[in-house]
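Q: Quick one, fold the following:
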Amino acid sequence: MRLLTRLLVLVASMALLALADDDLSSKISSTINEFSGLIVEHYYLTNDMTNASPDDAEVVLLRTSKNDLYITYDQGKTFKQVLKGEDIIAIYPNPHFKNRVYFLTPDEQVFFTIDKGESFNSFRTPSLPNQRGLQLMTFDRNNKDAFIWTGSEGCEDDLSPRCKVVTHYTNNNGGRWTEVGNGAIMCQYVNGLKDQKRNNLMYCLFEYNDGGVKKSKLAYSTDNFRNQKVTHENVLDFAVAEEFLVVAVINDEDETLECQTSVDGESFSVARFPPDFKVPRQLAYTVLQSTTHAIFLHVTVNGKANSEYGAILKSNSYGTSFMLSLNEVNRNRVGFVDFEKMVNLEGVAISNVVINARQASRGSRKQLKSMITHNDGGQWTFLTPPPADTEGKAFACSGQSLEKCSLNLHGFTERKDYRDTYTSASAVGMMIGVGNVGEYLEGYLDGNTYLTVDGGITWKEIKKGAFMWEYGDQGSILVIVDGEEPTNEVFFSLDEGNTWSPYKFSEDLVKVDDISTVPNDNSRRFLLTGKSPRSKGEQSTTIHIDFSGINSRQCKLDESNPDRDDFELWSPRNPSQQTNCLFGHETQYYRKLVDAKCYIGKQLIQPHKIVQDCECTREDFECDFNYVRDRDGTCKLVNGANPPDNSLQCKENPNLVEYRESTGYRRIPLSTCKGGQELDSAEAIPCPGKKGEFNKKHGGGLGVIGTFFVIIVPIAMACIIGFMVFQHYQSKFGVIRLGDEDSFSSNSSNPVVQQVVKGLAYVIAGLTMIPEALKGVGEMARGFFGHSGSSARPWSRDYAPVDINEDDELLGDDIESDAEEVI
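A: Numbering: from 1, shown residues only. I've put the predicted structure just below:
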C-alpha cells in the first residue's frame with residue numbers, strides 16, 4: 001500500500017510538472033526564417049544607451065556563404081536583404097562606436113552605416129584588400145571617423161615581385177586617405193595604457209630590404225607619421241594588452257625571442273622571465289586576457305604539431321618582471337590557448353593543462369585536465385566535481401583525490417565561435433561548460449553539461465550530453481540546446497539551473513550551429529542558427545525564440561527596503577578562505593531571488609558596493625620574480641637564482657618614491673587588503689634622488705619644531721633638574737679647607753661666590769642629561785636617514801633576521817647612504 005501511495009505521488013508530481021511546462025511553453029513564441037546559403041557570420045549592434053531596455057529592437061546583421069547581407073531590426077524575428085546585388089565578403093563592426101559597421105567587397109568599394117543599418121553609404125579605399133590575412137581595418141577609440149586600412153598593390157599575380165602591403169589612414173571616414181609610409185604592414189592606434197601621456201599614438205610595423213636581407217622595425221608617431229621614432233629592430237610582432245604594449249623582438253645573437261613592454265607607449269623595458277626561461281625564435285608568445293593590471297603571457301614550450309603546450313607567465317603591475325603562473329598549458333596550432341577569465345568576477349580563470357607533457361612532446365595524444373584560480377593566477381587547483389550526476393548516481397571515480405577525480409571542461413581551443421564563453425558579463429558568478437568527471441578530459445561527444453553559480457567553487461551536472469548554452473535577462477533565464485544532434489527543442493531554466501523545462505520550437509529537426517543573444521546577455525530573446533537535415537544544397541535556418549511572455553512583472557529593487565524587493569546581495573569568495581573576501585575586499589553583487597516571478601530588464605549596476613577591505617592572507621600574494629611556489633605553499637628562491645633587484649623599479653617608474661627589498665612574495669595587483677599577513681612587508685628604501693620626498697612621506701627630518709623638542713627642551717629640562725639638585729644638596733655641603741684662611745662655607749653671604757657655585761652646579765647637573773638628549777637626537781636622526789618606514793626586515797625561506805645594536809644600525813645607515821649615492 002505504501003509503495004502504491006508513493007507511485008501515485010510520483011505520477012501526480014510528474015503530471016503537475018508536465019502541466020507547468022505546458023503552461024510555460026504557451027507563453028514562449030518562436031519564428032523560423034530560411035536563407036539561401038550557409039550563415040557564415042552574424043553580429044549584434046547593441047544599444048549605446050545605458051538606460052535602454054534590453055528588449056528594445058536590437059539590430060542583427062547576417063552574412064551568408066553567397067555573400068548576401070541580411071538585417072533584422074527585431075533581434076531576428078524578421079529579416080530583410082540589404083545591399084542587394086553587392087558582393088559582401090566581410091563585416092567589420094567598429095568596436096568602439098556600436099552604431100557603425102563596414103561591409104567589404106572584393107574591390108575598393110566599402111559600404112557602411114553609421115546609424116545601425118537605417119541607412120547605407122559607401123567610399124573607396126586606396127587599395128585592394130591585402131591577401132596576407134592581415135587585419136584589414138583598425139579603428140581609433142577616440143575618433144569615430146578615424147581608422148586604418150591595410151591593403152595591397154601589384155598583387156594581381158600572387159607571385160609578382162611587385163606585390164606588397166600598403167597601409168593608409170583616414171580621419172574623415174574614408175573621405176581622404178594618407179599613406180602611412182613605405183613598408184608599413186600593420187598599424188594600430190595605441191590608447192589606454194597604464195601611464196600613457198599622449199592619446200594620439202599610432203604604432204606601425206615596417207618591413208624593409210637591407211642588402212637583400214628582409215628586416216623589420218617598429219616605430220611610433222604622434223602626428224600620423226609625418227614624423228616617427230623607431231623603437232625596435234628585428235620585430236616579430238606587437239600587441240596592445242589593455243594597459244600594456246607588448247613587443248616580441250628577435251635576438252639574433254642567441255636566436256631567441258625577447259619580450260619588451262611599455263606602460264606609456266614611448267619607453268620600453270625588457271621583460272625579465274624566470275631563470276633559464278628562453279624562447280626560441282621559431283616558437284611564440286600569445287598575449288592573453290590582461291584585464292587585472294598584469295600581463296598574462298602564454299609562452300610556447302613545445303611547438304610540435306598537435307602537441308603544442310607552454311607556460312603561462314604573469315607580470316608585475318608594470319609588466320617588467322614575470323613569474324610562472326601555470327606550466328604545461330594547452331594551446332592549438334594557431335596559437336589560441338585554453339585560458340579564460342570570468343568576465344564578471346575579478347581574478348577567476350579556468351585553464352587546461354597537459355598532464356602527459358613528456359609523452360605528448362614525443363607524439364602521444366595530449367591528456368588535458370582543467371584547473372581554476374581564484375586569486376588571479378597566484379594559485380591553481382583542480383575543479384571540484386559534483387557529488388552526483390543528474391540521475392543522483394555517484395561518478396565512477398567518486399571518493400578519490402582530485403588528481404584522479406575532478407571536473408574537466410572543454411576549453412577555448414575547441415570553440416566553434418570564440419565569442420561563446422563559459423561566462424556572461426551580466427550573469428554574475430555563473431559558468432556553463434561541457435566536460436566530464438575523471439582523471440582527464442575525454443572526447444567532446446562523450447561529455448555532459450555542467451553549471452556553477454558561485455564562481456567555480458561548486459558545480460552540478462545539468463544535462464546529459466554536450467549542449468550549447470546562452471544566458472538571458474542577466475542570468476535569470478538559462479537556455480541550452482543540443483549542439484551535436486539535430487533537434488527541435490531547447491531546454492530553459494528560470495531558477496539558476498535547479499529545474500529545466502523543454503520548449504519545442506519546430507516540428508522539423510534542425511542541426512543547430514549556434515545559440516546567441518545580445519552581447520550583454522540581458523535580453524529575453526534568443527537566436528538559433530543552423531541547417532535543416534532535409535534541406536538540399538546550401539540552405540540555412542534561423543529560429544527566433546522569445547521568452548518575454550513568461551513574466552510580465554519587472555523585478556523590484558528597493559535599496560531602502562531590501563527585505564521587500566526581488567533581489568539578494570551575493571559576495572564571491574576564495575574557497576581557501578573562510579570569509580567572503582576576494583582580493584582583499586568584500587564585494588556585494590545583486591542577484592535576483594531564485595523564486596522571484598519577474599524579469600530584471602535594464603542592466604543592473606554591478607558590483608553594488610565594496611563592503612570593506614579585508615586583512616591580508618596568503619591568497620593576496622603570489623611568488624615574486626625568481627621565486628617559485630613550493631609544495632608546502634611557500635615561495636622559495638629558485639636554485640642558483642638571486643632575489644630580484646627591486647631598485648630597478650625606480651628606473652621603470654620615475655614617479656616612484658621608494659622600493660622594498662623582495663621577501664619572495666609580491667602583492668597581487670588587484671588586492672586591496674590591509675594588515676594581517678603582509679608577506680611582502682619589508683623596509684622601505686628611498687629611490688635615488690627621492691630622499692626628500694621619502695622623508696616627507698614618512699615624516700622624516702628634524703625641522704624647526706623637531707629641533708626645538710629634541711635639543712632645546714632636553715637642555716632646558718637638564719638645567720631645571722640641576723637647579724633642583726643644587727637646592728636639595730646645598731644645605732649638606734661641608735667646609736673645604738685648603739688652609740686656615742682659605743675656606744668658605746656653603747652658607748657664605750658673598751653673593752658673587754654663591755652665583756658661581758650655583759652656576760657650576762647647574763652645568764654639572766645639565767651635563768649629566770646630555771646623553772639622554774643625544775639619545776633623542778639619535779632616534780630622530782634615524783628617522784631622518786631613512787629608517788622611518790616599516791620596521792619589518794626583509795626575509796625569505798633562506799634568511800632569518802639578526803638582532804643588531806644601535807651602533808650597528810647607525811653604521812648601517814652610513815653604508816646605506818653611500819650605496820644610494822653610488823646607484
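Q: Off-centre distance for the helix or strand harbouring residue 471?
A: Using DSSP states H and E, residue 471 sits within strand 467-472. Computed by Cα atoms, centre = their mean, to the nearest Å, the chain-centroid distance of strand 467-472 equals 24 Å.
Q: so after that strand, what's the next helix or strand?
A: strand 477-482.
Q: now that following strand against strand 467-472, angle please.
A: Put simply, strand 477-482 runs at 160 degrees to strand 467-472, going by axes from the mean of the first three to the mean of the last three Cα atoms, to 10 degrees.
Q: hang on, the earlier thing: report the buried residues of the strand holding residue 471.
A: 467-472 (16 or more other Cβ atoms under 10 Å). Bear in mind the C-beta positions are built from the backbone N, C-alpha and C, glycine included.
Q: mind listing the helices for this protein?
A: 2-25, 357-360, 648-652, 691-698, 703-707, 713-729, 751-784, 806-822 (DSSP state H).
Q: which stretch in the ones you listed is the model least sure about?
A: When those are compared by mean pLDDT, helix 806-822 comes last with a mean of 31.
Q: Let me see the contact set for residue 448.
A: 389-390, 434-436, 461, 463-466 (Cβ atoms under 8 Å, 6 or more residues apart in numbering).
Q: correction: residue 185
A: 132, 134, 150, 165, 167, 205-207.
Q: any idea how far residue 202 is from the residue lying closest to it once chain neighbours are set aside?
A: In space, and not counting its chain neighbours, residue 185 is closest to residue 165: 4.5 Å by Cβ to Cβ, 6 or more residues apart in numbering. Distance from residue 165 to residue 202, counting by Cβ to Cβ, to the nearest Å: 16 Å.
Q: that older thread, just the closest of the contacts of residue 185 to residue 413, please.
A: Nearest to residue 413 out of the contacts of residue 185 is residue 134 (Cβ to Cβ; 22.7 Å).
Q: State the phi and psi torsions of the closest one.
A: The phi/psi pair for residue 134 (degrees, to the nearest 10) reads phi -80, psi 150.
Q: what's the closest non-adjacent residue to it?
A: Closest to residue 134 by Cβ to Cβ, 6+ apart is residue 150, at 5.1 Å.
Q: Help me confirm that the one you found comes into contact with residue 165.
A: Yes: in this structure, residue 150 is within contact of residue 165 by Cβ atoms under 8 Å, at 6.5 Å.
Q: Touching both of the two, which residues are there?
A: 130, 134, 185.
Q: Out of these, which comes closest to residue 98?
A: residue 134 (24.5 Å).
Q: circling back: adding pLDDT and distance to residue 400, write the shared contacts of residue 150 and residue 165 out as CSV.
A: Output for those, formatted as CSV (pLDDT from 0 to 100; distance: Cβ to Cβ, whole Å):
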residue, pLDDT, distance to residue 400
130, 93, 54
134, 94, 50
185, 96, 53
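Q: related to what we said a few turns ago, specify which member of the contacts of residue 185 is nearest to residue 317.
A: Of the contacts of residue 185, the one sitting nearest to residue 317 (Cβ to Cβ) turns out to be residue 205, at 26.8 Å.
Q: before we move on, the earlier item: and the strand holding residue 471, what does it pack against?
A: strand 477-482, strand 511-516, strand 525-531 (3 or more Cβ pairs under 8 Å, 6 or more residues apart in numbering; DSSP states H and E).
Q: Mind doing that once more with 6 Å?
A: For strand 467-472, the packing partners by 3 or more Cβ pairs under 6 Å, 6 or more residues apart in numbering; DSSP states H and E come out as strand 477-482.
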